[in-house]
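Undergrad: below is the structure, and that's it, no one-letter string:
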């Protein structure tokens, strides 16, 4: 059977189209029989991720995006990932879409620490990422809020400051400034006074230092006298240290004990002196003797004839004897 040229051209065209489709799918990472290791991940925003985009793990490309599908509501977007080898992906790994302003987005699988691994057909945990612009926005958001709060605080501060700047307050500010000027002038005068005080030639401090210098010079000139005085003091101190201070103290103590014994004997009425001091009978006897002498003297004065027998005065007076002394102002006549 002879095949016509038209049939050959048609068959060749069909074969070429089939190879074209297979090659295109191969370049996109798809195969006709769909064999290999597949994983899935769900996102709410694919960020323009499409089939044949690269899939990385630790910076190494482990596969490509095989396809992307969606439900009618466009809320659950499923990414089908085809790995280029039998890689061990931990079960707690996560998938994240990373955008690149200068290129196509890629998917990055952040490997977990689980000891169990995903199998073909399992679903990865997905992490929504806003991309670099979202990250910058997230960092600038709190800064913007702080800047807004700072501006509000500054505005309130300026309002309060303007409310303080009334007529009286301005007058008070002028008074404060004048007081500051006065204080500045006082500090200037004090500085000049201090400079005069510290003047090397005429300052009071320089004169005081000169007096101190003269005093030290006099001490240096009289150094020999001071040394001799100190030597005399040392000799006197040595003599005092060599003296029998203990014996002298013991002698004083013995004398004090003897004097204490004497005083105790006087107080105890033992002996003549103790009896003389402590016994009232001697006082009473002396008092009676004194009274008797006073009576005798008064009687002698009043009745002299009784004791002196001279005929010139007549016969002897034998009148009543006195029994007690007469009063001091008595004018009794014989």
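TA: Now that the structure is in, tell me what you want to look at. All values derive from a computational prediction rather than experimental measurement.

Undergrad: please make it C-alpha for all contacts and neighbour counts, starting now.
TA: OK.

Undergrad: where does pLDDT dip in the stretch 1-150 of the chain?
TA: Applying pLDDT under 70 to the stretch 1-150 of the chain flags residues 1-2, 24-35, 130-141.

Undergrad: now do the helices in it.
TA: According to DSSP state H, counting those that start in this stretch, the stretch 1-150 of the chain carries its helices in the segments 5-27, 131-164.

Undergrad: can you count the residues close to residue 23?
TA: A total of 14 residues lie near residue 23 under the criterion other C-alpha atoms under 10 Å.

Undergrad: for it, give its distance to residue 281.
TA: Distance, residue 23 to residue 281, using C-alpha to C-alpha, to the nearest Å: 162 Å.

Undergrad: ok, now residue 224?
TA: Using C-alpha to C-alpha, residue 224 is found at 74 Å from residue 281.

Undergrad: outline the domain layout of the protein.
TA: Using automatic domain parsing, the domain parsing of the chain gives 36-136, 279-334.

Undergrad: those: which one's closest to residue 209?
TA: Closest approach to residue 209 among these is made by domain 36-136 (71.9 Å; C-alpha to C-alpha).

Undergrad: longest strand of this protein?
TA: Taking DSSP state E as the criterion, the chain has its longest strand at strand 60-70.

Undergrad: helices or strands up against the host helix or strand of residue 266?
TA: Residue 266 is part of helix 245-267 when elements are defined by DSSP states H and E. Here helix 245-267 touches helix 271-278, going by 3 or more C-alpha pairs under 8 Å, 6 or more residues apart in numbering; DSSP states H and E.

Undergrad: and the next element down the chain from the helix it packs on?
TA: Counting by DSSP H and E, what follows helix 271-278 is helix 280-302.

Undergrad: which residues touch residue 50?
TA: By C-alpha atoms under 8 Å, 6 or more residues apart in numbering, the residues touching residue 50 are 65, 67, 68.

Undergrad: of the residues you listed, which is the nearest to residue 296?
TA: residue 65 (163.3 Å).

Undergrad: give me the neighbour count for that closest one.
TA: 25.

Undergrad: do the same with the one 10 residues further on
TA: Other residues lying near residue 75 total 12 when counted by other C-alpha under 10 Å.

Undergrad: correct me if wrong: it contacts residue 44.
TA: Yes: when contacts are counted by C-alpha atoms under 8 Å, residue 75 is listed as touching residue 44 (5.5 Å).

Undergrad: how close does residue 281 sit to residue 287?
TA: For residue 281, the distance to residue 287 equals 10 Å [C-alpha to C-alpha].

Undergrad: and residue 38, by the same measure?
TA: Residue 38 sits 150 Å away from residue 287, going by C-alpha to C-alpha.

Undergrad: what of residue 183?
TA: From residue 183 to residue 287 the distance is 93 Å (C-alpha to C-alpha).

Undergrad: who has more neighbours, residue 38 and residue 287?
TA: Neighbours per residue, other C-alpha under 10 Å: of residue 38 and residue 287, the larger number sits with residue 38, 21 against 12.

Undergrad: which residue sits closest to the more buried one, ignoring its sequence neighbours?
TA: Once flanking residues are discounted, residue 38 sits nearest to residue 82: 4.6 Å by C-alpha to C-alpha, 6 or more residues apart in numbering.

Undergrad: just checking, that neighbour touches residue 41?
TA: No: judged on C-alpha under 8 Å, residue 82 makes no contact with residue 41 at a distance of 11.5 Å.

Undergrad: of these two, which one has the most company?
TA: Taking neighbours as other C-alpha under 10 Å, residue 82 and residue 41 compare with residue 82 leading, 26 against 20.

Undergrad: who touches the more buried one in this structure?
TA: 29, 36, 37, 38, 39, 63, 64, 65, 66.

Undergrad: what's the PyMOL syntax to select whichever of these are buried?
TA: Here is the PyMOL selection string for the buried members of these, based on 16 or more other C-alpha atoms under 10 Å:
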select buried, resi 29+37+38+39+63+64+65+66
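
Undergrad: pick out the most distant pair among the contacts of residue 82.
TA: Taking C-alpha to C-alpha, the two most distant members of the contacts of residue 82 are 29 and 39; they sit 14.2 Å apart.

Undergrad: residue 53 - how many residues pack around it?
TA: For residue 53, the number of neighbouring residues by other C-alpha under 10 Å comes to 19.

Undergrad: ok, residue 233 next?
TA: 12.

Undergrad: from residue 221, how far out is residue 234?
TA: On the measure of C-alpha to C-alpha, residue 234 and residue 221 end up 21 Å apart.

Undergrad: before we move on, what about residue 37?
TA: 111 Å.

Undergrad: and if you look at residue 59?
TA: Per C-alpha to C-alpha, residue 59 is found 93 Å from residue 221.

Undergrad: same question for residue 50.
TA: 108 Å.

Undergrad: and what of residue 186?
TA: Taking C-alpha to C-alpha, one finds residue 186 at 45 Å from residue 221.
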